[in-house]
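Engineer: here is a sequence together with a model predicted from it:
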Amino acid sequence: MINTRHALPSISYLALGDSYTIGEAVDSTQSWPLQLADTLREAYNLQVNKPTIIATTGWTTNQLQRGIEEAGLEEKYELISLLIGVNNQYQGYEFKQFEEEYETLIKWAIQQSVYGASGIFAVSIPNYGVTPFGQTRGEDAIRSDLLAYDAKAREICQRFDIPFFDITPLSELAKNNSELIAEDQLHPSGLQYAEWVRSFSSHVADLISVWPGYSR
């Protein structure tokens with residue numbers, strides 16, 4: 001737990017991604033970056049600013065790169081998260097393109113974080129194959145593809161000493177629990193996003209605890 005005996009500096013947070021980051025099909029307040037910021041404030045007494053989100057439904061890795069360029073960010077952020085890749089798989093992009101562009105995004109995030117690699121974390125791609133939509137498109141093939149994407153993303157993150165949080169098993173619980181799926185029958189519900197945050201919020205707090213000016 002973070003030491004709360006003195007006021008801690010506010011934390012700027014940049015969330016990069018696609019539909020999963022903006023919370024497609026749920027209220028924006030239920031997106032996982034906003035739920036994470038709320039949890040860090042409430043459970044760890046960390047002063048986290050409202051997240052800046054660069055994400056759009058349907059974005060692939062190269063579209064996220066363009067979105068970042070077009071955003072024209074002038075400031076650095078303490079905390080940056082990355083969840084991207086599902087649309088590379090869905091649209092049938094070359095796997096090598098994902099690998100190269102994912103690494104480029106990680107390198108960009110390291111340069112854009114006040115604390116370098118110590119300010120970055122990544123999240124695995126949820127398995128949409130278990131959703132009613134995904135089951136019409138081949139559940140087993142989707143799962144196999146996404147596991148390969150996640151394995152490569154994890155490998156890249158490990159190379160740069162960046163935490164990679166695997167929420168895929170949590171996403172697969174939706175196969176037998178409709179409350180974990182949004183009304184569009186494809187995206188996670190706010191409840192599922194809450195489970196993601198519950199699984200890794202303490203690890204994000206630990207990441208923050210080693211920054212200068214923060215202590216346990």
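Structural biologist: It's in.

Engineer: quick one, strands of this structure?
Structural biologist: Assigned by DSSP state E, the chain shows strands spanning 13-17, 52-55, 79-82, 120-123, 164-165.

Engineer: TSV for the ones you listed, including distance to Q30?
Structural biologist: To be clear about C-beta, it is placed using only N, CA and C from the backbone, and glycine gets the same treatment. Below are these laid out as TSV (distance: least, Cβ to Cβ, whole Å):
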stretch	distance to Q30
strand 13-17	14
strand 52-55	13
strand 79-82	16
strand 120-123	16
strand 164-165	18
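
Engineer: out of those, the one nearest Y193 is which?
Structural biologist: Y193 lies closest to strand 120-123 among the strands of the chain, at 10.7 Å (Cβ to Cβ).

Engineer: shouldn't Q89 be in contact with S144?
Structural biologist: No: applying Cβ atoms under 8 Å as the test, Q89 and S144 come out as separate, 10.2 Å apart.

Engineer: burial of the closest residue to V204 other than its chain neighbours, as a residue count?
Structural biologist: Of all residues not flanking V204 in the chain, F121 sits nearest, at 6.2 Å (Cβ to Cβ, 6 or more residues apart in numbering). Around F121 sit 22 other residues, with neighbours defined as other Cβ atoms under 10 Å.

Engineer: who does F121 form a beta bridge with?
Structural biologist: Per DSSP bridges, the residues bridged to F121 are S81.

Engineer: picking that back up, adding distance to I156 and mean pLDDT, write the strands of the chain out as a markdown table.
Structural biologist: Output for the strands of the chain, formatted as a markdown table (distance: least, Cβ to Cβ, whole Å; pLDDT from 0 to 100):
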| stretch | distance to I156 | mean pLDDT |
| --- | --- | --- |
| strand 13-17 | 14 | 98 |
| strand 52-55 | 19 | 98 |
| strand 79-82 | 10 | 98 |
| strand 120-123 | 8 | 98 |
| strand 164-165 | 9 | 98 |
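
Engineer: in terms of pLDDT, where does the closest residue to N87 other than its chain neighbours sit?
Structural biologist: Distances taken as Cβ to Cβ, 6+ apart put T60 closest to N87, at 4.6 Å, once the chain neighbours are dropped. Predicted confidence (pLDDT) for T60: 98.

Engineer: bridge partners for I54, pull those for me.
Structural biologist: L16.

Engineer: quick check, it in contact with Q65.
Structural biologist: No: contact criterion Cβ under 8 Å: I54 and Q65 do not qualify, at 10.2 Å.
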